[in-house]
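Asks: Sequence plus the predicted model coming up.
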Amino acid sequence: MDRKMNEEAHSNHGSMGSKQGRTVYLSRVEKISACHRLHSNHLSDEENKKIYGKCNNPNGHGHNYTVTVTLKGKVDPVTGMVINITDLKEYMKKAIMDTLDHKNIDLDVDYFKDIVSTTENVATYIWDQMTQLLPDPSLLYEVKIHETDKNIVFYRGE
């Protein structure tokens, strides 16, 4: 395509008038299985048992987490996308699947050596990992984790 035709093709994408530049939220979901133990090195064994209850089991316990990553951005008028979903899938694989799936979070993820592996802290960990991988970290809107059907945590970078 010559330059003039290419310029015309791009300019025609802007003919949507008020619909141009709309903000869209794009989410992708991954499921991971991981184990952990809620235990703070800053508390006594008695305090840990009192605060974390059965989740302080010395042998740990597991979850099947559902992780949703949501991006917020303008739709590119040429590609029609906020981000290529294939790229998002790869970033999530690196940030979530490779580091957390089928792992003992406390023992296998260096970040949690001295940080209690609550779902709140897992959400902030995933956020930090995603911001390092995304070409435009400002697109990251939310990390949501369903620890169980009834326990849900979300983090928006605040």
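Replies: Structure received.
Asks: Summarise which helices and strands the longest helix along the chain is packed against.
Replies: Counting by DSSP state H, the longest helix found in the chain is helix 119-133. Using 3 or more C-beta pairs under 8 Å, 6 or more residues apart in numbering; DSSP states H and E, the elements in contact with helix 119-133 are strand 61-74, helix 85-92, helix 98-100, strand 140-146, strand 152-155. All C-beta spots, glycine's among them, are computed from the backbone N, C-alpha and C.
Asks: Try it again at 10 Å.
Replies: Applying 3 or more C-beta pairs under 10 Å, 6 or more residues apart in numbering; DSSP states H and E, we find helix 119-133 packed against strand 23-36, strand 61-74, helix 85-92, helix 98-100, helix 105-108, strand 140-146, strand 152-155.
Asks: Next up, the contacts around residue 134.
Replies: By C-beta atoms under 10 Å, 6 or more residues apart in numbering, the contact list for residue 134 reads 69, 71, 83, 87-88, 91, 95, 140.
Asks: Which pair in these has the greatest spatial separation?
Replies: 83 and 95 (14.1 Å; C-beta to C-beta).
Asks: Settle it for me: which of these two has more neighbours?
Replies: Remark: of residue 83 and residue 95, residue 95 carries more neighbours, 24 against 18, as counted by other C-beta atoms under 10 Å.
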